[in-house]
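> Structure for the following, please:
(2 chains)
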Protein chains: 2
Amino acid sequence: MNTAERRQNLREALVAAAGRAIEARGLAGLKARDLAAEAGCAVGAIYNVAADLDDLILAVNERTLAALGAALAEAGSGAGGAPADAESATAQLVRLAHAYLHFAAAQKRRWRAVFDHHLPEGKAVPETYHDRQRQLFAFIEQPLAVLRPDLAPDALAPLARSLFSAVHGIVALGLEEKLGAVSLSDLEEQTSAILTALGRGLTARGLE
Amino acid sequence: MNTAERRQNLREALVAAAGRAIEARGLAGLKARDLAAEAGCAVGAIYNVAADLDDLILAVNERTLAALGAALAEAGSGAGGAPADAESATAQLVRLAHAYLHFAAAQKRRWRAVFDHHLPEGKAVPETYHDRQRQLFAFIEQPLAVLRPDLAPDALAPLARSLFSAVHGIVALGLEEKLGAVSLSDLEEQTSAILTALGRGLTARGLE
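Below you'll find the model as predicted:
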């Protein structure tokens, strides 16, 4: 094993340890000392393979986004390929929202870390991270393009982002029980109701 | 000034100091020592008039919710009273969403504190706090009742909560620029697009 491979292995061990620590105790409980102990290295050695703890957290969050992408891909392709009509496009949006809800509920702390982590002022998120986000929005753009065939891709993108954010809001406030207790099946019903109305409203624009 | 008045005044000074500290540095920067210094009391004296720091934070958050309620009341009654038809009900939902967006943008840290503050396990939020939240949802229920006259109040409540959460998601992810930079006017457009489609979709249910 050469030096490059050893560095690669150590970085991998640290990212995996950071992932487990976030899953167990959340972002606030993350300590360099614990990660070094788990990866079997000195605390200082972390900084040979990572710029700082934020670098490791971003690597964990990128993997969380990749896992979320896989979950959405499965839900999105449930009917096999692009939806044929407005009704199946709306059904696809509902499936995507439910997949998001279940992903978040199953790994609450890892999912929260994606949204709770903030880089210090002046530091930018790497481009690969934004690419991952764009891949998520692409799953939403596919059914949206069926509901709104009149919209150009650059108009679909902000709409997909809004839809994602809206579902995120329902899931986040719901899972944190910020507005009182809500069950997972209540949240399924609520996202269904909102997305069914949205799907209908987006296609019904011609009725004005 | 008797003892009860003195206690009341000290509590008021501490809540006001906590509000200013949250506005300046956010929830994470809140320290009992700083609050005591600003209110001109010993650190220990805080615990004569408040159960703990959470108690003071909840008092600040309740005031933030009251101020938000006043902003929504103004936006909601823009057209004077209950909306007459589906179109004006949808316009009212858009106005409420914009009022929420501008409220959050204008006092970002106080607004974030309402959602970021978590009581330790086993401690419950006081009932007055839930009352404040319910008052906010009532502003949304009024136009929703016009869009869905078929729904009973106990079906309107979860729908209002979902709508609030959806708008909250768009505003929260947008203001934090979690999904890339978005301007305030972009966010206005996005909330308008989503709520207009929702309003249309909620009334169009009879078209199925």
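> how about the residues of chain A near chain B?
Counting by Cβ under 8 Å from any Cβ of the partner chain, the residues of chain A lying close to chain B are A:115, A:118, A:130, A:133, A:158-159, A:161-170, A:172-174, A:176, A:178-180, A:186, A:189-191, A:193-194, A:196-202, A:204-205, A:207. In short, each C-beta sits where N, CA and C put it, glycine included.
> mind running it again at 7 Å?
A:115, A:130, A:133, A:158-159, A:161-162, A:165-166, A:168-170, A:172-174, A:178-180, A:186, A:190, A:193-194, A:197-202, A:204 (Cβ under 7 Å from any Cβ of the partner chain).
> And the residue of chain A closest to chain B?
Per Cβ to the nearest Cβ, residue A:169 is where chain A lies closest to chain B, at 2.1 Å.
> what's near enough to touch that residue?
Residues in contact with residue A:169 (Cβ atoms under 7 Å, 6 or more residues apart in numbering or on different chains) are B:165-166, B:168-170, B:172.
> Where does residue A:119 sit: helix, strand or coil?
Here residue A:119 is recorded as coil under DSSP: H, G, I helix; E, B strand; the rest coil.
> what about it, neighbour count?
By the measure other Cβ atoms under 10 Å in any protein chain shown, the count of residues near residue A:119 is 13.
> Now the spatially most central residue of chain A. Nearest residue, chain neighbours left out?
Centrality entry for chain A: nearest residue to the mean C-alpha point is residue A:65, 4.4 Å, by Cα atoms, centre = their mean. Closest residue to residue A:65 apart from its sequence neighbours, by Cβ to Cβ, 6 or more residues apart in numbering or on different chains: residue A:132 at 4.2 Å.
> For residue A:176, the count of nearby residues, please.
Residue A:176 has 14 nearby residues by other Cβ under 10 Å.
> could you say what helices and strands the least confident helix or strand in chain A by mean pLDDT packs with?
Using mean pLDDT, DSSP states H and E, helix A:127-147 stands out as the lowest-scoring helix or strand of chain A, at a mean of 91. Counting contacts by 3 or more Cβ pairs under 7 Å, 6 or more residues apart in numbering or on different chains; DSSP states H and E, helix A:127-147 packs against helix A:53-76, helix A:86-106, helix A:153-175, helix A:184-203.
> which sections of chain A are below the confidence cut-off?
A:78-81, A:205-208 (pLDDT under 70).
> Let's see that with 50 instead.
Along chain A, the model assigns pLDDT under 50 to residues A:206-208.
> returning to what we had before: now the buried members of the residues of chain A next to chain B.
A:115, A:133, A:158-159, A:161-162, A:165-166, A:168-170, A:172-174, A:178-179, A:190, A:193-194, A:197-202, A:204 (16 or more other Cβ atoms under 10 Å in any protein chain shown).
> Can you list the buried residues in the helix or strand hosting residue A:114?
Applying DSSP states H and E as the criterion places residue A:114 in helix A:108-116. Buried residues in helix A:108-116, counted by 16+ other Cβ under 10 Å: A:109-116.
> again, but for stretch A:40-50
Per 16+ other Cβ under 10 Å, stretch A:40-50 contains these buried residues: A:41, A:46, A:49-50.
> Give me the contacts around that stretch.
Stretch A:40-50 is contacted by residues A:7, A:10-11, A:14, A:32-33, A:35-36, A:56 when judged by Cβ under 7 Å, 6+ apart.
> hmm, 8 Å instead?
If you take Cβ atoms under 8 Å, 6 or more residues apart in numbering or on different chains as the criterion, stretch A:40-50 is touched by A:7-8, A:10-11, A:13-14, A:32-33, A:35-36, A:53, A:56, A:59.
> And these, which two are furthest apart?
A:8 and A:33 (22.5 Å; Cβ to Cβ).
> Counting neighbours, go ahead and name the busier of those two.
Legend: neighbour count by other Cβ under 10 Å for residue A:8 and residue A:33, higher for residue A:8 (13 against 9).
> and the more buried one, what helix or strand is that in?
When elements are assigned from DSSP H and E, residue A:8 belongs to helix A:3-25.
> Contacts made by the helix or strand following that helix with the rest, please.
Along the chain past helix A:3-25, the next helix or strand (assigned with DSSP H and E) turns out to be helix A:32-39. Here helix A:32-39 makes contact (Cβ under 8 Å, 6+ apart) with A:10, A:13-14, A:17-18, A:20-21, A:42-43, A:45-46, A:53, A:56.
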